[in-house]
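> got a predicted model here, sequence first, then my questions.
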Amino acid sequence: DVALFSDSHPFGPAGSIQDNLTTDTLDGISYSAAKAALRGYQKENGEYVNQSGGTQRFVPEDLEQTALEITGAENRPVAVDNTGAESGTRVAVAAIQNVYRGDSTVVVVPRMPAGTWALVNGSNPSERPIAYRVGPGGARAIPISTTATEVAKSDMYQWLIQMDIAAGPAHWMRAYAKPV
């Protein structure tokens, strides 16, 4: 068993390992890396799976401004060195056109832990890796009818928990994230 977000997903091309897990904070560079990763996932036969590179970005409240700046701002700042090249040796900041403007929808999820984020390809509704639903405040227990399902008939499960947000199993190649 492999977690939805993992650095050891099997069944890549020619039996290789692929990952959709990062430890990077959300910024323009990590966003670009996430898009590249989503576009680069391949099946065992080498066929590319996910061409869009992400349509929704899930962030907690503390990353809302950062997320909106990455895909909402007309220009983005870049650090440049003394030759004017984009570099880690910063001597100045310049503004360049933001190529990611309007690229994905930012979804702010107040219940996500601070600093976490996920880029998701939600272009195919039947293959979304994260089920997000805003419901009534808090979780509540609802009795399940014993005639509803075979699971309920087993007497092992007698309550259904309704929650505001849930992440469920789906195709891991549809998401790239920095989880808790």
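Yep, it's here. Numbers count the residues shown, from 1 in each chain.
> next, count neighbours for Val59.
Neighbour count for Val59, taken as other CB atoms under 10 Å: 24. C-beta here means a position set from N, CA and C on the backbone, and glycine is covered the same way.
> identify the residues contacting it.
26, 66-67, 106-109, 112, 116-117 (CB atoms under 8 Å, 6 or more residues apart in numbering).
> average pLDDT for stretch 26-45?
For stretch 26-45, mean pLDDT is 90.
> how near is the residue nearest to Gly46 when sequence neighbours are not counted to Leu26?
Excluding the flanking residues, the one nearest Gly46 by CB to CB, 6 or more residues apart in numbering is Pro13, at 4.5 Å. Applying CB to CB, to the nearest Å, the value for Pro13 to Leu26 is 29 Å.
> so which of those two has more stuff around it?
Comparing Pro13 with Leu26 by other CB under 10 Å, the one with more neighbours is Leu26, at 24 against 14.
> may I have the helix ranked longest in the chain as PDB, with CA atoms only?
Ordering each helix of the chain by length in residues (DSSP state H) puts helix 28-40 first. Extracted C-alpha coordinates of helix 28-40, given in PDB (Å, rounded to 0.1, in the frame of the first residue of the first chain):
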ATOM      1  CA  GLY A  28       6.600  30.200  -8.100                       C
ATOM      2  CA  ILE A  29       9.400  27.700  -8.300                       C
ATOM      3  CA  SER A  30       7.600  24.900  -6.400                       C
ATOM      4  CA  TYR A  31       4.400  25.700  -8.400                       C
ATOM      5  CA  SER A  32       6.300  25.300 -11.700                       C
ATOM      6  CA  ALA A  33       7.900  22.000 -10.400                       C
ATOM      7  CA  ALA A  34       4.400  20.700  -9.400                       C
ATOM      8  CA  LYS A  35       3.000  21.400 -12.900                       C
ATOM      9  CA  ALA A  36       6.000  19.700 -14.500                       C
ATOM     10  CA  ALA A  37       5.600  16.700 -12.300                       C
ATOM     11  CA  LEU A  38       1.900  16.400 -13.200                       C
ATOM     12  CA  ARG A  39       2.700  16.600 -16.900                       C
ATOM     13  CA  GLY A  40       5.500  14.100 -16.600                       C
END
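> alright, I will stop here.
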